[in-house]
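K.L.:
here's a sequence, model it:
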Amino acid sequence: MEIIKIKNENEWNKYQTSREEFVDFLFKHLGQYGDPKSSINKCIDFVFKLNSGLGGFCLIAKEEEKIIGALIMNNTGMGEYIPSNILVYIAVDESQRGKGIGRKICEFAINEVNGDVALHVEYDNPAKKLYERIGFSSKYAEMRLIKQEI
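P.N.:
I've put the predicted structure just below:
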């Protein structure tokens, strides 16, 4: 397995992967825990410092030229009071799960950043156990107020 780090828009073609293919992979393999493709694209824009983004990176795990895993890490710019980085998306091809690929991608990403890393995971997501084994803990309960659009 090869893990490739993408930090700007021009690097997609260098690794024979398009941004669209990467987004499609995440959308498909995040399944019920995912977001719309438009949200995934906004997250990538943040990585590439577009629309006030602060940076980060995308990771592609490939085996025999096929994407088997993907991750997006965003820099928060808020390291003094919340973690400096947020692992926004991570997914492994459904047919490749249980082989340690998610762990390898996650640990690779953690080693690439300075500062702490946060992630959001739903309580019923089976990946929660993986994150706990890596060292993530639930320090706080996240609460959200969903405002109605006017």
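K.L.:
and residue 81, how many neighbours?
P.N.:
For residue 81, the neighbour count with other Cβ atoms under 10 Å is 6. Yep, even glycine has a C-beta here, placed from its N, CA and C like the rest.
K.L.:
swap in the one 3 residues further on?
P.N.:
Here the neighbour count serves as a burial measure; for residue 84 (other Cβ under 10 Å) it reads 17.
K.L.:
do the one 10 residues further on as well
P.N.:
When neighbours are defined as other Cβ under 10 Å, residue 94 has 9 of them.
K.L.:
beta partners of residue 58?
P.N.:
Assessed by DSSP bridges, residue 58 has beta-bridge partners residue 6, residue 72.
K.L.:
that one: what's it in contact with?
P.N.:
Shown in contact with residue 58 (Cβ atoms under 8 Å, 6 or more residues apart in numbering): 5-7, 22, 44, 47, 70-73.
K.L.:
which two among the residues you listed are spaced furthest apart?
P.N.:
Spanning the widest gap among the contacts of residue 58 are 7 and 70, at 14.7 Å by Cβ to Cβ.
K.L.:
more neighbours: these two, which one.
P.N.:
Counted by other Cβ under 10 Å, residue 7 and residue 70 do not tie: residue 70 has more neighbours, with 27 against 14.
K.L.:
returning to that earlier point: please indicate which of the contacts of residue 58 are buried?
P.N.:
Taking 16 or more other Cβ atoms under 10 Å as the criterion, what is buried in the contacts of residue 58 is 6, 22, 44, 47, 70-73.
K.L.:
residue 90 falls within a helix, correct?
P.N.:
No - using DSSP: H, G, I helix; E, B strand; the rest coil, the secondary structure at residue 90 is strand, not a helix.
K.L.:
tell me which residues are up against the lowest-mean-pLDDT helix or strand in the chain.
P.N.:
Least confident element among the helices and strands of the chain, by mean pLDDT, DSSP states H and E: helix 127-134 (a mean of 89). The contact list for helix 127-134, computed with Cβ under 8 Å, 6+ apart, reads 33, 90, 102-103, 106-107, 110, 119, 121-122.
K.L.:
what do you get if the cut-off is 10 Å, keeping everything else the same?
P.N.:
The contact list for helix 127-134, computed with Cβ atoms under 10 Å, 6 or more residues apart in numbering, reads 33, 87, 90-92, 97, 100, 102-103, 106-107, 110, 117, 119, 121-122, 125, 136-138.
K.L.:
great, nothing more from me.
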